[in-house]
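**Student:** Test case, fold it:
(chains A, B, C and D)
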Protein chains: 4
Amino acid sequence: MATKSLICLEEYEEEARSILDRNAWGYYSSGATTEYTLRDNVQAYNRYSIFPRVLVDVSLIDMSVRLLGDTIDMPIGISPTAMQCLAHPDGEKATARAAARMGTCLTLSSWSTTNIEEVAKHNGSHSFRWFQLYVYKDNNLTIDLVRRAEREGFKALVVTVDTPELGLRYGDKRNKFSLPRHLKLANFSERDSSSLASSGGSALQEYVKKLIDPSLVWDGIDWLRSITRLPIVLKGVLRADDAREAMKHDIQGILVSNHGARQLDTVPATVD
Amino acid sequence: MATKSLICLEEYEEEARSILDRNAWGYYSSGATTEYTLRDNVQAYNRYSIFPRVLVDVSLIDMSVRLLGDTIDMPIGISPTAMQCLAHPDGEKATARAAARMGTCLTLSSWSTTNIEEVAKHNGSHSFRWFQLYVYKDNNLTIDLVRRAEREGFKALVVTVDTPELGLRYGDKRNKFSLPRHLKLANFSERDSSSLASSGGSALQEYVKKLIDPSLVWDGIDWLRSITRLPIVLKGVLRADDAREAMKHDIQGILVSNHGARQLDTVPATVD
Amino acid sequence: MATKSLICLEEYEEEARSILDRNAWGYYSSGATTEYTLRDNVQAYNRYSIFPRVLVDVSLIDMSVRLLGDTIDMPIGISPTAMQCLAHPDGEKATARAAARMGTCLTLSSWSTTNIEEVAKHNGSHSFRWFQLYVYKDNNLTIDLVRRAEREGFKALVVTVDTPELGLRYGDKRNKFSLPRHLKLANFSERDSSSLASSGGSALQEYVKKLIDPSLVWDGIDWLRSITRLPIVLKGVLRADDAREAMKHDIQGILVSNHGARQLDTVPATVD
Amino acid sequence: MATKSLICLEEYEEEARSILDRNAWGYYSSGATTEYTLRDNVQAYNRYSIFPRVLVDVSLIDMSVRLLGDTIDMPIGISPTAMQCLAHPDGEKATARAAARMGTCLTLSSWSTTNIEEVAKHNGSHSFRWFQLYVYKDNNLTIDLVRRAEREGFKALVVTVDTPELGLRYGDKRNKFSLPRHLKLANFSERDSSSLASSGGSALQEYVKKLIDPSLVWDGIDWLRSITRLPIVLKGVLRADDAREAMKHDIQGILVSNHGARQLDTVPATVD
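**Tutor:** Alright, predicted model coming up:
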């Protein structure tokens, strides 16, 4: 990719569409079923107006915020997105360096194509990084990820709670989405990521069906709480009653998200 | 039709449009006049948001519901649609087998291109099937249909009450819709379905004008009630006062429906 | 025009667009300025839902209504539209015959291309006809029209009160709208309609500026009331306070109308 | 430009698009970022309906209004727009003559391509003119502009308070907007307008960053109040609390404006 002058998000998106192959573009761009909420996630921002105050000194601007006891330079962080080497050979390493340079939070996906240890190295000694986690049917898989995240200086666990099954994404189903041979889920042994070659539909959907625990309830969160001292953040909470329930389980935060509209269609836009 | 991998309703619709002839596609796809409600029937679903609860055990899912004393495996059934052999030679037989396999309810249209007896055979001994009925000017026609439905194990009568005249569908009028010669309304004698060749406009509209009773009022429902012990469900009720009136006439259920937006335009979307 | 099978209003409109010349089509189809209300006049109908009652005897339907003491067969009449011979050589004569045949009300425009006497003849002896009127700067012009309408059996005067100036219609301005040489405003002498040849913009706009009284207020209506015993209907009232004012001036009715969205843009849709 | 018959704003806009080069058209037509508010500024007018009163004498119309003690012929004036010679060689001189002929207010932009003295000459001795002002980091620049405006008969200062930084306009950034060599900001010395050649992005954005004071608060307005007796109008106020604050600082008026949607996107439409 020659250096082009891209000036807004829409141009980055257009550039990505022209560079990526169909399998990768389909994976990154698709939302659940009719993609109503995918579109609404963007349009919803227009439903909120900014009423700017005038004659305010803006010569020095401090957008830093405190988050679970740490400070980041701006209230915008990097959400976990899987398999970034699909898009660029530097993948998660480049993202980790960017987060460090911008002084903001990186949340690394469990399903990264670069392993925890290498990402930590590129994120640097002083950075603020969290680790995203699914709860696996096999407790040992989960425990192994937690221990490695602790060892590598990740400061919180972000547990995805809206994916007992992977959302139905027509794009991935049409493309029979699979991870190319030269890539792998780098945090897992060969055995545990081997199913990511498609046997007819989305390989990722089959992977989730095989490994992720669809019977996970609040007890499972309590168990996770019992095996680590890291703060736990639940990702994917959309209801007030679920947020209140989280407070009873010694949870340090929730991340209100509809998973990029990739899990269920016609859920509310994230900003709503 | 070669086996294609169709993954969503929109692709089935697209495939049907490419396979069916104009007469058949026009019949299935058209709504009343400007088709405002036809479009709204679909768009209305986006006006309702899903607020999913997280950390619920979904490893085993039971969607079965009880309906007039019977149980079906899911709260989605097959509504009566007429003349299915227009679309595929197996027509209502295939639909009957599909309903049995999915463990759900089949409501057979009176205007099927396969007769009651054969549909019942394909639906099987244990299945849950209802029979859709118009009230004819000629009582004997109505009585004959009721007796055959009773004999063949249909468990309820679904009386369409929103069709004193057939809705004005521009598509059918343009195409001078008619049933092809090799098909017939299989539940009727040659005489009673012979008018289904167009004499200028939609043949079905002429058929309804000739045979269906436009003066049908609640007395007619009472008469139907008096000649059968089957539960009666009124199909096409859109008003609360009509629903309350139904309760006074020993009616077992109503089916809230705008007839696929095919009768009157600018009525509310069914889901509304 | 060969007889085509046109089945809905949209097809008649499309047919007209293909047959009429630019001057005539522009005149009939254009609304004021940006045509926001022109579009809204149609779309507004979708904001009202029909909630049909079922099991009502519709074998005999009577849609007749009483209007200022007379009965018409349906609550739909023919509004005054000017210069109908622009569209078809039979013009207002054909419209008058159609109104008689359908048993409904004809309101004849003052600016018809067929004179009052001939229209009355084609409308027949028993028909229900009203006459639309502007109040002219020259009282004699107005009086002449009133006397002729009385003599020819018109049963009410419909006074247009929303046109002190003609609305700004871009289509007519671009086309420099004018009445073709073989047509004339048939209710007026050569002198009083001669300005209908364009001198740069819409000829009709210039005609209104020259002849119609822009200083007309309620006194002018009182004057009209004093010179005739015919019922008077005010056409173009959009406000409740104007409707109440009308009641103080011995007015028999109002016609709520935005003049086909041709006078002012961004007024409410007529049905609203 | 040959004289064409342009009949509405849309046609003037279309004509301008066809005549102007990309740099100039981009500058005039672009709004901030996604241009949501740019579109909404226009569409918002459709959210307000006109309810016209009928039978009102409109033969003589007086639209004059009093504004800060003076009278203008209509409640529509000319807002400050910068660098008008980009569009036409006569630029601000033509605008000044037009304002005088229409009897309405001209607000001259500080960033005009014609200097204050020449614009005053073309606006004439009796005209009603105001001067738009930014507060510069260098007080001498501001004082010089104020004195010249006073001397040339400008009757108020319109201080722009919504531009501590220039809004991000993709069009200007893509075009690397710059003032052509033959034009300059005519109210400033060569030194103070020299940065208007682009060094990579919008030259105007760089100019604002270099010269305009981003730390301006209410104290700065008090200072401006102390150096002149001219009425002061704050331009760009969108909040009620800012309007109330203005009253405490001896400000004579506010101009509710979102700067043509050029500063911040998703602010409310001006008419709202």
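**Student:** I'd guess A:E15 is in a helix, am I close?
**Tutor:** Yes: counting by DSSP: H, G, I helix; E, B strand; the rest coil, A:E15 is found in a helix.
**Student:** In this structure it contacts A:S5, no?
**Tutor:** No: the pair A:E15 / A:S5 is not scored as a contact, 10.7 Å apart, by Cβ atoms under 8 Å. Yep, even glycine has a C-beta here, placed from its N, CA and C like the rest.
**Student:** Now for the closest residue to A:M102 other than its chain neighbours: which residues touch it?
**Tutor:** Distances taken as Cβ to Cβ, 6 or more residues apart in numbering or on different chains put A:D73 closest to A:M102, at 6.7 Å, once the chain neighbours are dropped. A:D73 makes contacts with A:M63, A:S64, A:M102, A:G103, A:T104, as judged by Cβ atoms under 8 Å, 6 or more residues apart in numbering or on different chains.
**Student:** looking at the residues you listed, which has the most residues close by?
**Tutor:** A:T104 (21 neighbours; other Cβ atoms under 10 Å in any protein chain shown).
**Student:** ranges for the strands of chain A?
**Tutor:** Remark: strands assigned in chain A by DSSP state E are A:65-67, A:70-72, A:106-108, A:129-133, A:157-160, A:232-235, A:253-255.
**Student:** out of those strands, which comes closest to chain D?
**Tutor:** Taking Cβ to the nearest Cβ, strand A:65-67 is the member of the strands of chain A nearest to chain D, at 21.4 Å.
**Student:** Give the partner strands of that closest one in its sheet and their orientations.
**Tutor:** strand A:70-72 (antiparallel) (DSSP bridges).
**Student:** what pLDDT, on average, does the strand it pairs with get?
**Tutor:** The predicted model gives strand A:70-72 an average pLDDT of 94.
**Student:** that older thread, more neighbours, A:E15 and A:S5?
**Tutor:** The residue with more neighbours, out of A:E15 and A:S5, is A:E15; 13 against 10, by other Cβ under 10 Å.
**Student:** Who's the closest spatial neighbour of the more buried one, skipping the chain neighbours?
**Tutor:** A:L6 (6.0 Å).
**Student:** tell me the pLDDT at that neighbour?
**Tutor:** A:L6 is given a pLDDT of 92.
**Student:** what's the answer for A:R244, then?
**Tutor:** 97.
**Student:** burial measure for it, as a count.
**Tutor:** 9.
**Student:** ok and the residue in the stretch 101-250 of chain A nearest chain C?
**Tutor:** A:Y170 (30.1 Å).
**Student:** so how far is A:K176 from that residue?
**Tutor:** Distance, A:Y170 to A:K176, by Cβ to Cβ, to the nearest Å: 12 Å.
**Student:** Pick out whichever of these two has more residues nearby.
**Tutor:** A:Y170 (19 against 16).
**Student:** So for the closest residue to A:D57 other than its chain neighbours, what's the pLDDT?
**Tutor:** In this structure, A:D57 finds its nearest non-sequential neighbour in D:S215, 4.4 Å apart by Cβ to Cβ, 6+ apart. pLDDT recorded at D:S215 is 94.
**Student:** Same check on A:N23?
**Tutor:** 94.
**Student:** what's near enough to touch the closest residue to it other than its chain neighbours?
**Tutor:** Closest residue to A:N23 apart from its sequence neighbours, by Cβ to Cβ, 6+ apart: A:N175 at 5.2 Å. By Cβ under 8 Å, 6+ apart, the contact set of A:N175 is A:R22, A:N23, A:G26, A:Y27.
**Student:** change it to 7 Å
**Tutor:** Residues in contact with A:N175 (Cβ atoms under 7 Å, 6 or more residues apart in numbering or on different chains) are A:R22, A:N23, A:G26.
**Student:** about what we covered before: the residue nearest to A:D57 reaches A:S59, doesn't it?
**Tutor:** Yes: applying Cβ atoms under 7 Å, one finds D:S215 in contact with A:S59, separated by 4.0 Å.
**Student:** Between the two, which has more neighbouring residues?
**Tutor:** D:S215 (14 against 11).
**Student:** quick one: the more buried one from B:V271, how far?
**Tutor:** D:S215 is 56 Å from B:V271, by Cβ to Cβ.
**Student:** Also A:S5?
**Tutor:** 48 Å.
**Student:** Which residues of the stretch 51-200 of chain A lie near chain B?
**Tutor:** Counting by Cβ under 7 Å from any Cβ of the partner chain, the residues of the stretch 51-200 of chain A close to chain B are A:V161, A:D162, A:P164, A:Y170, A:K173, A:R174.
**Student:** residues contacting the second one?
**Tutor:** Contacts for A:D162 were tallied using Cβ under 7 Å, 6+ apart; they are A:G236, A:H259, A:Q263, B:P52, B:V54.
**Student:** For the first one, grab the count of nearby residues.
**Tutor:** Per other Cβ under 10 Å, the neighbour tally for A:G236 reads 21.
**Student:** same check, this time on the fourth one
**Tutor:** By the criterion of other Cβ under 10 Å, B:P52 has 17 neighbours.
**Student:** nearest residue to it other than its sequence neighbours?
**Tutor:** Closest to B:P52 by Cβ to Cβ, 6+ apart is A:L264, at 5.8 Å.
**Student:** Surely that neighbour touches B:V54?
**Tutor:** No: taking contacts as Cβ under 7 Å, A:L264 lies outside contact range of B:V54: 11.1 Å.
**Student:** Tell me which of these two has more neighbours.
**Tutor:** B:V54 (24 against 20).
**Student:** Can you give me the distance of the more buried one to A:G260?
**Tutor:** For B:V54 relative to A:G260 (Cβ to Cβ), the value is 16 Å.
**Student:** Same question for A:Y48.
**Tutor:** Counting by Cβ to Cβ, the gap from A:Y48 to A:G260 is 19 Å.
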